[in-house]
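Trainee: how does the following fold in three dimensions:
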Amino acid sequence: MKHLLKLKWMMALVVVALLTSCGNDDDPEPVNEEELITTLNLTFTNTNDNADIVTASFKDLDGPGGNTPVIQNPTLSANSSYRVTVEFLNESESPVEDVTEEVEEEGDEHQVFFVSGNGLNFTYTYDDTDANGNPLGLIGTGTVGAAGNGTLNVVLIHEPNKSAAGVSNGDPSNAGGETDISVTFNVTVQ
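Mentor: Residues are numbered from 1 along each chain as shown. The predicted structure is shown next:
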């Protein structure tokens, strides 16, 4: 009888051990899928003339690989300074999803970069930071030089290495991470 009682206790312990070992530790981590960004809007407000507001936009409503995106390129005033705001949307959803809010909430996992090229004299200064005091890039100041033409590449990187060389100054070369969206605008400065 003692052996039977001992055997029942041992079986109960084995069952308890099996149940606890099959807990949530073996469940896969939920995947945090990247948001679809169909639209990028930039607003440039001249810091010396609030009536001088310029917009630039990129719309690819069917996502990558479908129809050609619609791009509205900006024309900026030479030798001016602009308050720049960035907006990311997913217009394939109804209602439209404002992805900017998620980028801001997860600021430590995102950074927006502005890379000028082909002779464009444009520099971007970050006016916002994430919870750790690192640059985010949804709001900043764009300084425009002499008249001319060039390109402005706007890039949103997910999980950049914000402590890598040059990243906090807006250079994405060492940022790593994954590109959520990259749009090149043809900019006219007059």
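Trainee: tell me where the model's unsure across the protein.
Mentor: Within the chain, the set of residues satisfying pLDDT under 70 comprises 1-34.
Trainee: center of it, which residue is that?
Mentor: Among the residues of the chain, the smallest C-alpha distance to the mean C-alpha position (C-alpha atoms, centre = their mean) belongs to Leu156, namely 3.9 Å.
Trainee: okay, and that residue sits in which element?
Mentor: In this structure, Leu156 sits in strand 148-158 according to DSSP states H and E.
Trainee: pairing partners for that strand, with directions?
Mentor: Sheet pairing for strand 148-158, assigned by DSSP bridges, gives strand 110-117 (antiparallel), strand 178-189 (antiparallel).
Trainee: just to revisit the earlier point, the residue nearest to the centre of the chain touches Thr179, doesn't it?
Mentor: Yes - A contact is recorded between Leu156 and Thr179 when judged using C-beta atoms under 8 Å, the distance being 7.2 Å. To be clear about C-beta, it is placed using only N, CA and C from the backbone, and glycine gets the same treatment.
Trainee: and Phe44, how many residues sit next to it?
Mentor: 23 (other C-beta atoms under 10 Å).
Trainee: contacts only, for it.
Mentor: With contact set as C-beta atoms under 8 Å, 6 or more residues apart in numbering, Phe44 has these partners: 53-56, 74, 76, 82-84, 142.
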